[in-house]
Structures are given as structure tokens and as C-alpha cells.
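>>> Okay, here's the prediction I keep looking at, along with the sequence it came from:
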Amino acid sequence: MGGSMCVLWRMDAEISMPQRCGWAVREPSLTYHDTEWGVPQRDDRMLFELLTLEGAQAGLSWETILRKRAGYRAAFAGFDPAAVAAFGEREVEALVGDAGIVRHRGKIAATVGNARAFCEVQARHGSFAAYIWRFVDGVPVVTRRDAGHKLPASTSLSDRVSSDLRRLGFRFVGSVIVYSFLQAAGLVDDHYAFCFRSKC
């Protein structure tokens, strides 16, 4: 009887405290990890949002960016790429003073330029999703590393995507940023083998 009770307790503990990838330790990272990270994303507006947020993160923590996510959505027209592409110097100047986002002129200007490049990709390929998913033949790259193995900062895949995005006029799309984007958008599913999300 005692053994059965122990098993039940352990099961309850696992249900209430699932194992997660090591970087997901507090909100808002917990909810983001549990509901978004590694989930295949094919909506263009969401892809533009993730690409923008990953570029904004450069030199900062992801948690900082997640806490400002609502501010970014308000500042950049709900991440409508066509609307952001129409921003001019006046809008950029206003955003430099917006405390709801990272007030980095280079990153803000890059977001506007990236929106224009994003729209060009949509016109050429039908959607940005069609363009970006072709790099993995439409199927997520799934890894299931053990706890002792570190996730890479970049890969040959992110090198290729980064190079092509730069060719198309995108900025703040180095290989490390792009790899984080690929993880965020679910083109790469990097949940650790022990993480409860690896079973989803």
C-alpha cells in the first residue's frame, strides 16, 4: 500500500510541476515555453512578430523582450507588415521615445526596413511562411537532446537562412538571431527530451 501511495504522490507532483527546458524558470518565460516555443507557426503576422522580437533581443534577455511584447504590438501596428512598411521618419522618431519597447534607433529602423523586405517576400512567394518553411521542406526539425547537451547558438540551417534574409535586405538577422527565430516559430523544435513539451 505504501508503495502505491508513493507512486500516486509522484504522479501528482509531475502533473503539478512538469519538467521544462532549463531556461523556462519564471513568467513570462513559463507561459511562452509551454504554449508557443517550438510550435509550428505559419501565420505571416506572427512570423513577422517573432522575427522582430528576436532582432530586438540582441544584447538583451528574452525575458526583457517578452515583458515588452504588448508594447511592441501597440508600437508596430499589431505587427501588420504592410502597416509597418509605411512608417516614415516621423514614426521612427516617435518610437525612439516609446518606453514600451527597446528604444534603439537602429533596431526600430531595421524593423521598418524588414517590414518592407517582408512584404516583398510575400509578393514573390505568396506568403512569408511559404518562403521560410521551404528551408526545412515544410517539416519541423525535431531534436531531443539529453540534459547534459547544450543547445547550439546557431547551425548550418540558421547560417543559410540568415544569409538569404540578408540578401533580401533584412537586418538584425545574424545566424544566432535567426536560430532563435527558427526555434520560436517551430521550424526547429528544440525541447529537451525530459521536457513535458517534447511529448506534445
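Yes, it's here.
>>> burial count for residue 156?
Look at residue 156: counted by other CB atoms under 10 Å, it has 9 neighbours. For every residue, glycine as well, the C-beta is placed using N, CA and C.
>>> ok, it to residue 48 distance?
25 Å (CB to CB, to the nearest Å).
>>> Poorly predicted segments of the chain, please.
1-16 (pLDDT under 70).
>>> need the longest helix for it.
In the chain, assigned by DSSP state H, the helix with the most residues is helix 105-125.
>>> That one - contacts with which helices or strands?
When contacts are defined as 3 or more CB pairs under 8 Å, 6 or more residues apart in numbering; DSSP states H and E, helix 105-125 packs onto helix 44-57, helix 81-85, helix 89-96, helix 128-133.
>>> If we use 10 Å, what do you get?
Counting contacts by 3 or more CB pairs under 10 Å, 6 or more residues apart in numbering; DSSP states H and E, helix 105-125 is packed against helix 44-57, helix 69-75, helix 81-85, helix 89-96, helix 128-133, helix 156-167.
>>> Excluding sequence neighbours, find me the nearest residue to residue 51.
residue 181 (5.5 Å; CB to CB, 6 or more residues apart in numbering).
>>> now the helix or strand where the one you found lies: how far from the chain's centre is it?
For residue 181, the element it lies in under DSSP states H and E is helix 175-184. Relative to its chain's centre, helix 175-184 lies at 7 Å (CA atoms, centre = their mean, to the nearest Å).
>>> Run me through the strand neighbours of the next helix or strand along the chain from that helix, direction for each.
Per DSSP H and E, the first helix or strand lying C-terminal to helix 175-184 is strand 188-189. Each strand that pairs with strand 188-189, with its direction, by DSSP bridges: strand 141-142 (parallel).
>>> Before I go, just wanted to say thanks for your time.
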